[in-house]
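1. predicted model follows, preceded by the sequence.
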Amino acid sequence: MCFLIGFALLADLAYSQSDTAFQKKPISYQDYIELVGKNNVGYAAEKFNVKISEAGIESAKVFPDPELSTGWFDNGQRRMNMGYGYNAAIGWTIELGGKRKARINLAKSETELTKYLLQDYFRNLRADATIQYFDAIQKEHLVKVLLNSYQAMDKLAKSDSIRAKLGAIPNVDAKQSKLEAGTMLNDLYQTIADWKTSLVNLNLLMGAEQSDTLTTAVDHFTTFDRNFILADLILNAQNTRADLMAALQNKDVSQKILQLAKANRVIDLGLTGGITYSSYVRNTIAPTPSTTQTVIGISIPLKFSNNRSGELKTAYYTTLQSEAQYKQTELQVQAEVTQAYFNYQAAQKQVAQFNTGLLAEAKTILEGKIYSYKRGETTLLEVLNAQRTYNEVQQNYYQTLFNHASALVELERAAGIWDINF
């Protein structure tokens, strides 16, 4: 008895209009997806990749630094008064072959690639967040289904308890109905926990701190019927999918890497300028006045490493690899759109099947079985079977609505379009 009273209190608290079991904050889909775009921490972190790559452009523009060298020398013959001196020189490497331009072009190409990858990250984030929103709606419906079933079975169990005391039905039937009510209560507890877990994920995607107040989704499952042409979807995906654009840009990055590898094989020149000062030599045998020498020189490195073309070969094969990867991505996009299209068509047909009256028929059967059971015209087992069937039909119905909505999201994710708005 205490167990049933405890649940009654829980039901009153959790599902009455006061709703004090846990604080809820309803949020519309548009507000939710806007907060995901603004506050999602993972997305914010990905944005820094663009800033980092833009900083790489500035780094690529840097010229080689000059090198300053100084020295002091003593001829070491103090007794002979051979004197001392010092030197100073500055050197600078002049890059030839367009190395700096090749570095800048590569950095710019990599920045464009990073931007496409960021767009693709948001494409997937938006779709995943939308499906999570639908999941929260579905979980709430399942809670309501089990709550209503439990309340009906609890009412029947109480009625059976009275009837058993009056001798109208066997005690075993009263115990069975009470057991079924307890089992449903346990299932309800778990379903509520699953629902709350789904709501926690909404907060996570919005970048919100977890608290006692959980954001709940607004119930809409009826605006996801669309008509599409497969060929148009594939064409749109090929023209707009960010990951395909990233694969195409990756080909350009590979070409820029190859150009830089070729430029790096060109010999650079080193310019050197400096002075050397020698002090007055006071040696009595061969006195020498102080001297100042000016030195200007050119250094040419002997690039024996050009005999080893490993870097060039790596860059060349990378371009071939990026070409193959682009073709694979293109085929993958076509396959994803086609698969998502077929799944969406199947989901549409499944939803239409429920619109033929399955829910109403299952409910009518259950009510009829309960009425007959109370009149002693049918058994408890038939009532329980009807109750389970009705529960399964309702759960399948909401699962089908969720699958339909999710299939639309997956199709639009794959096709590179987006018109989810409810």
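-> Right, received. Where do you want to start?

2. list the contacts of residue 42.
-> 121, 125 (C-beta atoms under 8 Å, 6 or more residues apart in numbering). To be clear about C-beta, it is placed using only N, CA and C from the backbone, and glycine gets the same treatment.

3. quick one: it and residue 207, what's the gap?
-> Residue 42 sits 9 Å away from residue 207, going by C-beta to C-beta, to the nearest Å.

4. ok, now residue 340?
-> Residue 340 is 28 Å from residue 207, by C-beta to C-beta.

5. look at these two and report which has more neighbours.
-> For residue 340 versus residue 207, neighbours defined as other C-beta atoms under 10 Å are more numerous around residue 340 (23 against 15).

6. which element, helix or strand, includes the more buried one?
-> Taking DSSP states H and E as the definition, residue 340 sits inside helix 310-354.

7. so how far is that helix from its chain's centroid?
-> Between the centre of helix 310-354 and the centre of its chain there are 18 Å (C-alpha atoms, centre = their mean, to the nearest Å).

8. wait, a strand at residue 210?
-> No: per DSSP: H, G, I helix; E, B strand; the rest coil, residue 210 lies outside any strand segment and is coil.

9. verify the stated contact: it with residue 199.
-> No: using C-beta atoms under 8 Å as the test, residue 210 is too far from residue 199 to be in contact (10.1 Å).

10. apart from its neighbours in sequence, what residue is nearest residue 271?
-> residue 92 (5.2 Å; C-beta to C-beta, 6 or more residues apart in numbering).

11. out of residue 210 and residue 199, which sits in the busier spot?
-> A count of neighbours by other C-beta under 10 Å puts residue 199 above the other of residue 210 and residue 199, at 23 against 9.

12. could you pull up the contacting residues of the nearest residue to that one once chain neighbours are set aside?
-> Distance criterion C-beta to C-beta, 6+ apart; nearest residue to residue 199, sequence neighbours excluded, is residue 214 at 4.1 Å. When contacts are counted by C-beta under 8 Å, 6+ apart, residue 214 touches 22, 23, 24, 25, 196, 199, 200, 202, 203.

13. using the three-state scheme, assign residue 214.
-> Classified using three-state DSSP, residue 214 is strand.

14. now do residue 168
-> Under three-state DSSP, residue 168 falls in the coil class.

15. look up how far residue 170 lies from the closest residue to it other than its chain neighbours.
-> Spatially, and ignoring its direct neighbours in sequence, residue 168 is nearest to residue 376 (7.3 Å; C-beta to C-beta, 6+ apart). Residue 376 is 12 Å from residue 170, where distance means C-beta to C-beta.

16. hey, where'd the strands end up in the stretch 51-200 of the chain?
-> Counting by DSSP state E, counting those that start in this stretch, the stretch 51-200 of the chain has strands at residues 67-74, 84-94.

17. and among those strands, the most buried is which?
-> strand 84-94 (a mean of 15; mean count of other C-beta atoms under 10 Å).

18. worst mean pLDDT across the helices and strands of the protein, which element?
-> Within the chain, confidence by mean pLDDT, DSSP states H and E is lowest for helix 2-15 among all helices and strands, at a mean of 42.

19. hang on, the earlier thing: test my guess that the residue nearest to residue 271 contacts residue 67.
-> Yes: if you go by C-beta under 8 Å, residue 92 and residue 67 touch, sitting 7.2 Å apart.

20. which residues sit in contact with residue 145?
-> Contacts of residue 145 (C-beta under 8 Å, 6+ apart): 391, 394, 395, 398.

21. which members of the residues you listed are the farthest-apart pair?
-> 391 and 398 (11.1 Å; C-beta to C-beta).

22. and the gap between residue 208 and residue 35?
-> 8 Å.

23. okay, residue 268 and residue 98: tell me how far apart.
-> Taking C-beta to C-beta, one finds residue 268 at 12 Å from residue 98.

24. same question but for residue 352, I mixed them up
-> Using C-beta to C-beta, one gets 64 Å for the distance from residue 352 to residue 98.

25. of those two, give the one with the bigger neighbour count.
-> The neighbour count for residue 352 versus residue 98, taken as other C-beta under 10 Å, is higher for residue 98 (15 against 12).
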